[in-house]
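# I need the structure of the sequence given here:
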Amino acid sequence: MGKTFSDIYTEISRKVGDTTAGFITSDVCPTINDVCRSIFQNMNYAFKERTADLTLVASQGYVAVPADWDEMTPVQIFYRGSNNERVDLDCYDNKEWENEQDNDEGDVYGFHISKVSGAWLIYFTLIPDSSFVASYSPLKIEYYKKWTELVETTDDDTEPDIPDSHRQLIIYRACEILCGQMGDTEGAIFWKSEADKEEGLFNKKQVNRLGRGHRVRPSPIITTRGFGYRRRDYS
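Next up is the predicted model:
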């Protein structure tokens, strides 16, 4: 078992010199959430990848997006054909959807993700008929999960959705931020240096896993994008 949230915020509070329960609740835990959210936005890391079922209903042209989907990242939707081959659905942006949207029923060949109804939904074209549903439902969706917010005391014994070998990055970056907020410039500079080194190793491992010589994101499937971590300068 790797470092749990309890281990992480205990170590952070010890390193910055304030181990009071109030400081952990009001400062450390929110900072951990900020740091982990930034890590998740930095790159489409392999550990964020998820696959889920999309259960179709005949004559219904939409389904809900998985609740933990990071809406700033691309998705792919597919099903297995009669020979178990992968059949990917085409993804359409807002402009393309104006031409592709079709209320006829039949075999699904494309999709569009929109929040126009107030909630994120996946819309299909064509609308699946009973024959398609019987043959190919559920579809599969491949996506990247968003950061699940830490709730202090509730999540004490759980582990972050970040590889255990790089959970020190959470600690170092949180120490950098907290020291900066506390006016400890020397401490902030030191922990920033440690965090930058750890983050470099983290990203290098991801790039090497992809087998490419430079930072790569998956090909765009939807048009929205996440944002990288903003560096701080305390010097």
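# Residues in contact with the helix or strand where residue 141 lies: which ones?
With elements taken from DSSP states H and E, the one containing residue 141 is strand 139-144. Identification of contacts with strand 139-144 by Cβ atoms under 8 Å, 6 or more residues apart in numbering yields 44, 48-54, 56, 65-66, 69-70, 73-79, 89, 108, 122. Placement of C-beta: from N, CA and C, glycine included.
# So in the chain, which helix runs the longest?
As assigned by DSSP state H, the longest helix anywhere in the chain is helix 185-210.
# Quick check, residue 112 in contact with residue 100.
Yes - Residue 112 lies in contact with residue 100 (Cβ atoms under 8 Å); the separation is 7.5 Å.
# For the helix-or-strand element of the chain with minimal mean pLDDT, buried residues please.
Least confident helix or strand of the chain, by mean pLDDT, DSSP states H and E, is helix 185-210 with a mean of 88. Counting neighbours by 16 or more other Cβ atoms under 10 Å, one finds that the buried residues in helix 185-210 are 187, 188, 189, 190, 191, 192, 194, 195, 198, 199, 202, 206.
# Of these, which pair is most distant in space?
The span of the buried residues of helix 185-210, defined through Cβ to Cβ, is set by 187 and 206 at 28.5 Å.
# ranges for the helices of this protein?
Under DSSP H, the chain gives helices at 5-16, 21-23, 29-42, 94-100, 130-136, 168-181, 185-210.
# name the helices or strands packed onto the third one?
Contacting helix 29-42 under the criterion 3 or more Cβ pairs under 8 Å, 6 or more residues apart in numbering; DSSP states H and E are the following elements: helix 5-16, helix 168-181, helix 185-210.
# So which elements touch the last one?
Right, the one you point to is helix 185-210. Packing partners of helix 185-210 (3+ Cβ pairs under 8 Å, 6+ apart): helix 29-42, helix 168-181.
# let's go with 7 Å and repeat that
Applying 3 or more Cβ pairs under 7 Å, 6 or more residues apart in numbering; DSSP states H and E, we find helix 185-210 packed against helix 168-181.
# Report all helices and strands that the helix it packs on contacts.
By 3+ Cβ pairs under 7 Å, 6+ apart, helix 168-181 packs against helix 5-16, helix 29-42, helix 185-210.
# got TSV for those, with distance to residue 158 too?
Below are those laid out as TSV (distance: least, Cβ to Cβ, whole Å):
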stretch	distance to residue 158
helix 5-16	6
helix 29-42	12
helix 185-210	21
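# so which of these gets nearest residue 84?
That would be helix 185-210 among the helices and strands packed on helix 168-181, by Cβ to Cβ, at 26.6 Å.
# and that closest one with helix 168-181, angle?
Counting by axes from the mean of the first three to the mean of the last three Cα atoms, to 10 degrees, helix 185-210 lies at 150 degrees to helix 168-181.
# picking that back up, please name the strands paired to the strand holding residue 141 in the sheet, noting orientation.
Applying DSSP bridges, strand 139-144 is found paired with strand 49-54 (antiparallel), strand 76-80 (antiparallel).
# Could you give the separation of the shortest one from the chain centroid?
Mean C-alpha position of strand 76-80 versus that of the full chain (Cα atoms, centre = their mean, to the nearest Å) differs by 20 Å.
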